[in-house]
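Q: Here's a sequence, model it:
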Amino acid sequence: MRFKFSRLAKIIADGGYRGKLLSDTLKATQGCELEVVLRPD
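A: Numbers count the residues shown, from 1 in each chain. Coordinates of the predicted model:
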């Protein structure tokens, strides 16, 4: 992913992607941050 999107620093995802495993994996392999945005109820 870094090869195609070299300026990518943050991925914004919905609440279904919560979890430390995905966040840590993205940081380690792609060097970008995962921000999970929850829907206001």
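Q: Provide a list of residues in contact with the residue nearest to the spatial centre of the chain.
A: With distances taken as CA atoms, centre = their mean, the residue of the chain nearest its centroid is residue 34 (2.4 Å). Counting by CB atoms under 8 Å, 6 or more residues apart in numbering, residue 34 touches 10-11, 13, 17, 22-23, 26-27. Every C-beta, even on glycine, is put in place using the N, C-alpha and C of the backbone.
Q: which stretches of the chain aren't confidently modelled?
A: Filtered on pLDDT under 70, the chain yields no residues whatsoever.
Q: coming back round to it: return the subset of the contacts of residue 34 lying in strands.
A: Judged by DSSP state E, strands contain the following of these: 10-11, 13.
Q: on that earlier part again, list buried residues within the contacts of residue 34.
A: 11, 23, 26 (16 or more other CB atoms under 10 Å).
Q: Could you pull up the residues touching residue 12?
A: Neighbours of residue 12 in contact, by CB under 8 Å, 6+ apart: 35, 37.
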